[in-house]
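A.B. asks: After the sequence you'll find the predicted model.
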Amino acid sequence: MKKFWETLNARERTYLMLLGVFMLFLGVFFAGRSFARYMTDLSERSESAERDTMQIENLGRQYQLLQAMKTGDSQQLDNMLSSIETMLKTIGLRERVGSLTPTDTIVQDKYLKREVKVSIRESSANQVLDFIRQIEQSTQTLYKVENFSYRPVLKKPGIYDFTVQISGFQRKQ
């Protein structure tokens, strides 16, 4: 190989080196493109798996809610206020709660629907969203957020007053 290199004149050596550099850049380009395509495909698969997991979790939660309605799990509603207060304490919102107002409604003469209206004063949105996420994703307590509203507090940017309506069902005895 060395003998071959030495037999080439200067211009041929230059062309050969340029050809080698061009081939190297071409190889790096195609390898990078292939890697980028692989990463895009991988991120699409990951997002698809996350969507499927969320759907499965939601279906499982809906199934549990329907099972609780069917079997009439009365402890769920009896402990509703205390479990909501516990959630509020763990997130650090208990001292900002203005009121916890429970309302019972009979649905189709078979079920009792309890709604608790929680008023939270002067709080950041992140804490309240954590509270709502905890309610919606909990598998121990089968409550759901029926209604959620907020209004900004004047002269305090980023601070809001919230009203969250939480409901749960049980079979009527």
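C.D. replies: Yes, it's here.
A.B. asks: contacts and neighbour counts: CA atoms only from here.
C.D. replies: OK.
A.B. asks: Now the element after the lowest-mean-pLDDT helix or strand in the chain, going C-ward?
C.D. replies: Using mean pLDDT, DSSP states H and E, the weakest-scoring helix or strand in the chain turns out to be helix 74-78, at a mean of 58. Toward the C-terminus, helix 74-78 is succeeded by helix 80-91 as the next helix or strand (DSSP states H and E).
A.B. asks: got the buried residues for the next helix or strand after that following helix?
C.D. replies: Using DSSP H and E, the helix or strand that follows helix 80-91 in sequence is strand 97-107. Within strand 97-107, the residues scored as buried using 16 or more other CA atoms under 10 Å are 97, 100.
A.B. asks: what bridges to residue 114?
C.D. replies: Here residue 114 sits in beta bridges with residue 104, residue 168, going by DSSP bridges.
A.B. asks: Settle this for me: residue 145 is touching residue 134, isn't it.
C.D. replies: No: contact criterion CA atoms under 8 Å: residue 145 and residue 134 do not qualify, at 10.5 Å.
A.B. asks: Now for the two: what residues contact both?
C.D. replies: By CA atoms under 8 Å, 6 or more residues apart in numbering, residue 145 and residue 134 have no common neighbours.
A.B. asks: low-confidence ranges in the chain?
C.D. replies: 65, 67-78, 139-141, 173 (pLDDT under 70).
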